[in-house]
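J.: Starting from these lines, generate the structure:
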Amino acid sequence: MLRKLLLWGSENDFFSDHVARLGFVRRAVRRFMPGETSAEAIEEVVRLSVSRIRSVLALLGENVTEADEADDVTRHYEAVLKEIGARDLDAEISVKPTQLGIDIGEDVVAANLERILSTAKEHGHFVWIDMEGSDYVDRTLDLYRAARSRHTDTGVCLQAYLYRTAEDLAALLPINPSVRLVKGAYAESTKVAFPRKRDVDQNYLQLAQTLLDEIGSGGVRAAFATHDGALIRRIQEEAAQRGMTPGDVEFQMLYGIGTTSQEKLAAQGHEVRVHISYGIAWFPWYMRRLAERPANLWFVMRKMISR
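T.: Model (predicted):
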């Protein structure tokens with residue numbers, strides 16, 4: 001029930017306009033993001049690299065409806081790619097199709113993504129295409145397939161809570177995809193998504209097993225994006241059974257969550273990337289982070305009490 005309430009709040013305009021202005025909320029969100037500017041995010045890329053932890057940068061915002069705004073987002077990512085390239089930083093970026101104008105038109109989002117991918121290629125960086133609500137899955141996968149045919153250094157996010165994801169993964173395997181596997185963080189109907197956590201976890205593990213088999217044959221790059229300690233251990237066990245080393249298995253986590261786990265996995269030899277989000281449009285994203293792990297709500301409550 002709490003998860004549903006938080007997801008409802010992430011889509012509520014009143015909450016976004018009013019609750020996001022509260023000082024204790026703004027202080028609490030700093031646990032999950034270093035700031036609102038790319039400069040602040042890039043400084044965290046530098047700091048994390050000391051612990052052998054790499055990064056993925058993402059500008060917050062979604063559902064752009066004006067071509068000029070989508071162009072601004074595209075220009076921003078081009079500038080970020082040039083900056084991390086100039087500083088020789090090991091950072092990737094993650095973009096949302098709705099940021100780049102998919103709601104405006106397929107030609108708009110395709111053109112903006114091509115600009116970003118071309119800049120990334122020029123500076124030697126990787127680009128992830130994020131997955132949003134279930135209504136966008138087909139269009140996002142089509143966008144990824146088209147991009148992958150021209151740019152191999154690009155990947156797509158798949159969500160384990162959707163019933164369809166096993167079939168989507170199977171359909172992608174022939175093109176040797178790069179896949180970031182997440183549980184999923186949007187409010188979805190039980191018609192399209194598993195309602196129970198244990199079923200999502202089971203599906204995640206089954207998808208991870210498929211990806212591990214493909215990694216072993218050199219077919220895909222897979223990034224297991226989860227903070228679930230039990231799942232991480234199972235993935236490590238499955239990898240070991242396949243004769244894989246820690247360096248063959250990549251984990252991705254969110255900034256500010258599970259820092260000790262991130263450092264431990266990196267010390268074990270795993271590639272670890274931290275997803276660093278930034279920007280002014282943080283409220284919907286923040287509410288979804290709380291919904292992913294409602295225990296984080298206690299952190300917010302402590303901030304409110306200590307005002």
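
J.: show me where the stretch 151-300 of the chain has helices.
T.: Using DSSP state H, counting those that start in this stretch, the helices of the stretch 151-300 of the chain run over 165-172, 197-216, 229-241, 259-267, 283-292, 297-305.

J.: What mean pLDDT does the fifth one get?
T.: The average pLDDT within helix 283-292 is 62.

J.: sorry, back to before: just name the most buried of the helices of the stretch 151-300 of the chain.
T.: helix 283-292 (a mean of 22; mean count of other CB atoms under 10 Å). (Each C-beta comes from the backbone N, C-alpha and C, glycine too.)

J.: so which of the helices of the stretch 151-300 of the chain comes closest to Ala41?
T.: Taking CB to CB, helix 283-292 is the member of those nearest to Ala41, at 13.6 Å.

J.: circling back to that earlier point, least reliable of the helices of the stretch 151-300 of the chain going by mean pLDDT?
T.: helix 297-305 (a mean of 46).

J.: ok, now which ones touch Tyr163?
T.: Val192, Ala193, Phe194 (CB atoms under 8 Å, 6 or more residues apart in numbering).

J.: The first one reaches Gly184, doesn't it?
T.: No - distance between Val192 and Gly184: 10.3 Å, which falls outside the contact criterion (CB atoms under 8 Å).

J.: okay, and the common contacts of the two?
T.: Any residue near both Val192 and Gly184 by CB under 8 Å, 6+ apart counts here, and that gives Leu162.

J.: neighbour-wise, which of the two wins?
T.: Per other CB atoms under 10 Å, whichever of Val192 and Gly184 has more neighbours is Gly184, with 22 against 14.

J.: Ramachandran coordinates for Asp138?
T.: Note on Asp138: backbone dihedrals following degrees, to the nearest 10 are phi -60, psi -50.

J.: What about it, how many residues nearby?
T.: 11.

J.: Next: Glu250.
T.: 20.

J.: burial measure for the residue lying closest to it once chain neighbours are set aside, as a count.
T.: Distances taken as CB to CB, 6 or more residues apart in numbering put Glu271 closest to Glu250, at 4.3 Å, once the chain neighbours are dropped. Residues within reach of Glu271, counting by other CB under 10 Å, total 18.

J.: list the contacts for Glu271?
T.: Taking CB under 8 Å, 6+ apart, one finds Arg54, Gly247, Val249, Glu250, Phe251 in contact with Glu271.

J.: rerun at 10 Å
T.: Shown in contact with Glu271 (CB atoms under 10 Å, 6 or more residues apart in numbering): 52-54, 221, 223, 246-252, 265.

J.: Check the residues you listed and tell me the two furthest apart.
T.: Greatest spatial distance in the contacts of Glu271: Arg52 and Arg221, 18.6 Å, computed using CB to CB.

J.: out of those two, which sits in the more crowded spot?
T.: Per other CB under 10 Å, whichever of Arg52 and Arg221 has more neighbours is Arg221, with 19 against 16.

J.: wait, doesn't that one sit right on Arg148?
T.: No - counting by CB atoms under 10 Å, Arg221 does not reach Arg148; the two are 11.7 Å apart.

J.: how far away is Gln206 from Ser189?
T.: Counting by CB to CB, to the nearest Å, the separation of Gln206 from Ser189 is 22 Å.

J.: State the distance from the residue lying closest to Gly133 once chain neighbours are set aside to Asp135.
T.: Spatial nearest neighbour of Gly133, chain neighbours left out: Tyr186 (4.7 Å); criterion: CB to CB, 6+ apart. Taking CB to CB as the measure, Tyr186 falls 10 Å from Asp135.

J.: the more surrounded of those two?
T.: Tyr186 (20 against 11).
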